[in-house]
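# sequence plus the predicted model coming up.
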Amino acid sequence: MNIHRKLASGLRSLSAVGVIALAAAFSPAPAQAQVKGGELVVVQGSNPPSLDGMSTSSQASRNINMNIYETLYGFSEDIKPIPILAEGVDISEDGLTYVFTLRKGVLFHNGDEMNARDVKASLERYRRVGATKNLLAPVKDIEITGEYEVTFHMVEPTPTFLEAFSSPRAPAIIIPEEDGDTEAGKNSFIGTGPYKFVEYVPDDHVTIERFDDYSQDLRSDGIDGFGGKKTAWLDRVIFRIIPEPGAQVAALEAGEVDILEQIPMPAARRLESDPDIVLHENARWAFTTFIFNTNVPPSDNVKFREAVQVALNMEEIMAISSEGLYTLNHRWQYEGTTYDPGQIGAEYYNQADTERAKALLEEAGYNGEEFVILTDSNIPQHGRSAVVIAEQLKAIGINAVINQVDWPTALNIRMQDEGWNGWTLQMGIEPYLGPVGLIATLTSPARPHFVKPDPELDALYQELIKGETVEARQETFKKIQTRLYEIFAIIKVGDSGLMHASRASVKGFIPFRFPRVYDIWLED
Amino acid sequence: MTAEANPDTLSIGQEIKLARRRRRLTFARRLLTHPSFLVGFVILVLFTLTALLADVLAPYGPTKINYRSILAPPSAEFWFGTDAYGRDVLSRVIYGTRVSLRIGVFVVVMTGILGTLLGTLASYVKWLDGLIMRSLDGLMAFPGVLLAIALAAALGPSEVNAIIALTVTFTPRTARIVRASVIVVQGMQFIEAAHAVGASHARVIFRYILANALSPLIVQLTFVFAVSIVAEAILSFLGVGPPPPAPSLGNIIADGRSNIQEAWWIAVFPGLIIAVAVLGLNLMGDGLRDILDPRHSGARDKT
C-alpha cells in the first residue's frame, strides 16, 4: 500500500513536470525566440521497417515518415479530420461523391509541383501497397476532374470515410506520380513535408534535412495535430536507433542526443529534478492488450479464454509493464471520449478471481496443454506484460510458456494461423483513431488480430462504419464492447502512458503521436 | 596398515595395489594442501550446494512477482533487493546457480565424452585423423562464444539448445587436447608391450592409453565448466539462452541492464556470483594442472 502511494505521488509530480513543460511550450517567452539551424538527434529503439510512408503501420516508421510526407486530410490536435494538402472537400448530399480540391503551389522535394495526377497515382498505389488499403475499399474510382481537383466516386455512402482516410496509422501520403508504379518500400522517399530524406543506415540512423522550398499551410497560425502551419527550424534531424534503453538514457544524460522517444520510468524518476532534462508525459499513449489465437487449442475455446480474462490481475500487469504510468480501464475506448461505452464488461475486468478461473478451465476441459505466449524483446512493455501474465496463468494451472523473439519475428509469427496462443500487444495508434480504426484490426476483411473472424463482430463493424450519426455509432459501439466481452478473443489490460524526455535545450517540443521535429528549435 | 607393517609378506599383485593406493593418497594430500586448488574447490562446493539446496535456501520463489515492491534496494527483507517485477534478486540468483550448474555439468559431460571419443579416434585410427581433425579445425575457425551465439540463435532460445550450442563449441578444443596426449602415450613402450601380449584394442585404449592421457583432459574440463557458466550468462543476456522468466544468471543481468543506474543491485549481484564461480573453477584448474602435469609443476611439488 505504502509503496503504491509513493508511486502515485511520484507520478503526480511527474505529470506536474509535464504540464509545466507544456505550458512553457505553448507560451513562448521573449527569451525563447525561435532559432534557425542546428542538428537535432532523436532516439528510438528500433529500425523503421520502411520509409515508404504508406506501406507500413509501424510506429518506428511513422516517427520519421510524418516529418517527410503529408496527406490530403489528417487529424487535428483534437482528432478531427482537417485538410492538409487539400484545400477542402465537397461531399454530395447522397454521400456518393467526394470532390477534393488541392492546395496550389505545393512542391515535392524534387522541385515538382503537386497536382491531381500525383494524387491519383499515390492513391492508386495505396490501393495496391497501402498497409491499411481497406480504407479505400468504399471508393469505386478516383477521377481527375481538374489540374488541382480529384473526385472520389463511392461504392456506397460511408459516413466514417473521411475519418478513416485521415488516419495516420498507415497514412495515405501523396508522392510524385513517377513513384506511382513502384512496389512497397521502393519509392524514392520524396514527399511534400517540411523535411526531406537524406540517408538511412539500418541499425544506426536515418537523416532528414530541412526542405527549404516547403510550402507552408498558411490557413492556421501554428501546428495542429498532423497538419497546420509547419516551420522547419532545424538544418538536420538524425533519428538514431539505440535498442538498449539504458544506453539511450546514458546518451541523453551525456548530451549526445536530444530527444528520447521513450524513457524508462525509473530513469524518469531519477532525472525528475535534473535541470538539463525535461520530461514530457503522453498519458494516453496505448492500450495494453493480450490477444488470443482463436484458431488453435486451448485458446480456441471461449470458456478457456474467459478463464484467462477473470484470472488476470490487471493492476499487477499494468503496474509492472508500464512501470507505473497507467490507468485501469476495461473500455475499448479512452474514458470520457465520444464513444466511451460506460461500464459494459467491467464485471469481467481486473478480477484476479482464481476460483472462478479454475472452474471455467474445468468447464473448458483444459488438460494442461501448452499455452504459448508470443512476445518480443524490442518493446519493453510487451515482454514485461508477458512475464506477468504467464506467472498469473501458471497460478491457475495453465501451462504457460513464453516465446520471446525480436519484434519483426513476432510480427511474422503472429501472422501464422498456428504456433502461438497468446500475444502481448501495445495498441498505440488504433485507440487514438477512435472506434473504427480499432475495430478494423479485429474484423474482416482484414485479418483479425485473433486470427479467426467472428461473424457477429464483423457485422457490427459494418454497422459502425455505416452509422449515419454519432449517436447511432455510439449505440453500435456499445454492442461491440458487449460482444468483445462475450468472445474474449482479445483482453483489454489497461491504458498505458509513455514518457518522452528531451534535453532542456530543445524548445517547442509538444508530445504527440510522433516526434514532430518541425516547430521545435535548439537553444544554447 | 598391516600391509605396511609386513612388506615382505606381500605378493606382487598386492604390492602394486598398495603402491597405487599410496599414490592416490599422496595425490589427494597434494591436492588438499595446494592452496589455489583448495580455495577453488571450496568455492565450487559452495556453488554446488547453493544450487542443490535452492529450494531450502531461497527466501522466495524465483519467479514470484510482487508489484508492491518493485526495484526495492537491498534490505533485511530482500538482501539483494528486487527487480522491475518485484522479484527477489537473491532468490533468483540462488536458483540461477542451479541453471548455471546444470548447463555447466551437461556441457562438461558431453564435451568430455565427445572430445575423448573424437580425440582418441583421430589419434588411434590413422585414416580418420585428417577427416576428424580438419572438420574440428573448421569449427574452431569461428571465435568460440560467437559460434555458440550463432548456434543458440539458430536453434531457438532454450536450455537444451544452449547446452547443445556450448557442447559443439567446446568439443573441438577438447578433442584436440585429447588427441595430442593420446599420441604421446601411444608412442610409449608399454603400449607396444600391451599390443605385443595381445591385448585387445579396447583394452589398450581404455586401460592403458586413456588412463594415462586423462590429466590434461581433466584440467581442460574444469576450464570448459568455467567458460560454460560465463557463456550461458552471455547467451541468456543476449536472449538466446533459457527464455524468461527462467532465473538464469544471464537473464537476471539482462533484466537489470536497463535500470543499472537506478537499481545497480539487479545486475551487480549475479555478476559477482559469476565472477566468483569462474575464479573458483580457474583456481581449481590451475591447482589440478600443477599436480597432474609435472612439466608445469612449480618448485613446491618437487617432493
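Right, received. Where do you want to start? Residues are numbered from 1 along each chain as shown, chains lettered A, B, ... in the order given.
# hang on, isn't B:Val184 packed against B:Ala213?
Yes: counting by CB atoms under 8 Å, B:Ala213 is a contact partner of B:Val184 at 7.3 Å. C-betas here are computed from N, CA, C, even on glycine.
# which parts of chain B sit against chain A?
Selection of chain B residues close to chain A by CB under 8 Å from any CB of the partner chain yields B:63-65, B:67-72, B:84-86, B:157, B:239, B:243-245, B:257-263.
# over stretch B:103-111, what's the mean pLDDT, rounded is fine.
Computed over stretch B:103-111, the mean pLDDT rounds to 94.
# pLDDT-wise, which helix or strand of chain A ranks last?
Ranked by mean pLDDT, DSSP states H and E, the weakest helix or strand in chain A is helix A:2-26, scoring a mean of 45.
# mind checking what helix or strand follows that one in sequence?
strand A:39-44 (DSSP states H and E).
# and the next helix-or-strand element following that next one, what does it pack onto?
Per DSSP H and E, the first helix or strand lying C-terminal to strand A:39-44 is helix A:59-65. The helices and strands touching helix A:59-65, judged by 3 or more CB pairs under 8 Å, 6 or more residues apart in numbering or on different chains; DSSP states H and E, are strand A:39-44.
# the strand it packs on close to chain B?
No: Strand A:39-44 stays clear of chain B (CB under 8 Å from any CB), getting no nearer than 13.7 Å.
# who touches that strand?
A:60, A:63, A:234-242, A:248, A:251-252, A:256-261, A:506, A:515, A:517, A:520, A:522 (CB atoms under 8 Å, 6 or more residues apart in numbering or on different chains).
# work out for me the element the spatially most central residue of chain B sits within.
Centre of chain B computed as the mean C-alpha position; nearest residue by CA atoms, centre = their mean is B:Phe225, 2.0 Å away. In this assignment (DSSP H and E), B:Phe225 forms part of helix B:211-237.
# buried residues, that helix. List them.
Residues of helix B:211-237 classed as buried: B:212-214, B:216-217, B:219-237 (neighbour count, 16 or more other CB atoms under 10 Å in any protein chain shown).
# how about A:Val119, nearest residue that isn't a chain neighbour?
Nearest residue to A:Val119, sequence neighbours excluded (CB to CB, 6 or more residues apart in numbering or on different chains): A:Val150, at 5.1 Å.
# just A:Glu256 next, same as before
For A:Glu256, ignoring the flanking residues on the chain, the nearest one in space by CB to CB, 6+ apart is A:Val41 at 7.1 Å.
# now the helix holding B:Phe225, how far from the centre of its chain.
Relative to the centre of its chain, helix B:211-237 is centred 4 Å away, using CA atoms, centre = their mean, to the nearest Å.
# what do you get for stretch B:158-166?
Put simply, stretch B:158-166 sits 15 Å off its chain's centre (CA atoms, centre = their mean).
# list of residues touching that stretch?
So stretch B:158-166 is in contact with B:99, B:102-103, B:106-107, B:110-111, B:147-149, B:151-152, B:155, B:228, B:231-232, B:235-236, B:240-243, B:246, B:248, going by CB under 8 Å, 6+ apart.
# quick one: buried residues of it?
The neighbour-count check on stretch B:158-166 (16+ other CB under 10 Å) flags B:158-159, B:161-166 as buried.
# gap between stretch B:131-143 and the chain center?
22 Å.
# with stretch A:336-348 instead?
Chain-centre distance of stretch A:336-348: 21 Å, with CA atoms, centre = their mean.
# quickly check: stretch A:359-374 near chain B or not.
No: against chain B, stretch A:359-374 shows no contacts by CB under 8 Å from any CB, the least distance being 10.2 Å.
# and the end-to-end length of that stretch?
Taking CA to CA, to the nearest Å, stretch A:359-374 runs 26 Å from one end to the other.
# what about the helices in chain B?
B:2-5, B:12-33, B:35-52, B:54-57, B:89-124, B:126-140, B:144-155, B:159-186, B:189-196, B:201-203, B:211-237, B:249-257, B:264-292 (DSSP state H).
# can you give me the strands in the stretch 351-500 of chain A?
A:370-376, A:399-405, A:422-427, A:490-503 (DSSP state E, counting those that start in this stretch).
# would you turn these into JSON lines with mean neighbour count and mean pLDDT?
What follows is these, written out as JSON lines (neighbours: other CB atoms under 10 Å in any protein chain shown; pLDDT from 0 to 100):
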{"stretch": "strand A:370-376", "mean neighbour count": "22", "mean pLDDT": "94"}
{"stretch": "strand A:399-405", "mean neighbour count": "19", "mean pLDDT": "91"}
{"stretch": "strand A:422-427", "mean neighbour count": "24", "mean pLDDT": "95"}
{"stretch": "strand A:490-503", "mean neighbour count": "24", "mean pLDDT": "96"}
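# the residue of the stretch 301-450 of chain A found nearest chain B in helix, strand or coil?
Going by CB to the nearest CB, chain B is nearest to A:Ala319 of the stretch 301-450 of chain A, at 4.2 Å. Assigned with DSSP: H, G, I helix; E, B strand; the rest coil, A:Ala319 falls in the helix class.
# now it: how far from A:Leu328?
10 Å (CB to CB, to the nearest Å).
# pLDDT score for the residue most central in space within chain A?
Centroid check for chain A by CA atoms, centre = their mean gives A:Ile429 as the closest residue, at 2.1 Å. Here the pLDDT value assigned to A:Ile429 is 88.
# now the closest residue to it other than its chain neighbours: which helix or strand?
Closest residue to A:Ile429 apart from its sequence neighbours, by CB to CB, 6+ apart: A:Arg169 at 4.9 Å. Under the criterion of DSSP H and E, A:Arg169 resides outside all helices and strands.
# re the thing from before, adding distance to A:Thr294, write the strands of the stretch 351-500 of chain A out as CSV.
Below are the strands of the stretch 351-500 of chain A laid out as CSV (distance: least, CB to CB, whole Å):
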stretch, distance to A:Thr294
strand A:370-376, 13
strand A:399-405, 17
strand A:422-427, 11
strand A:490-503, 9
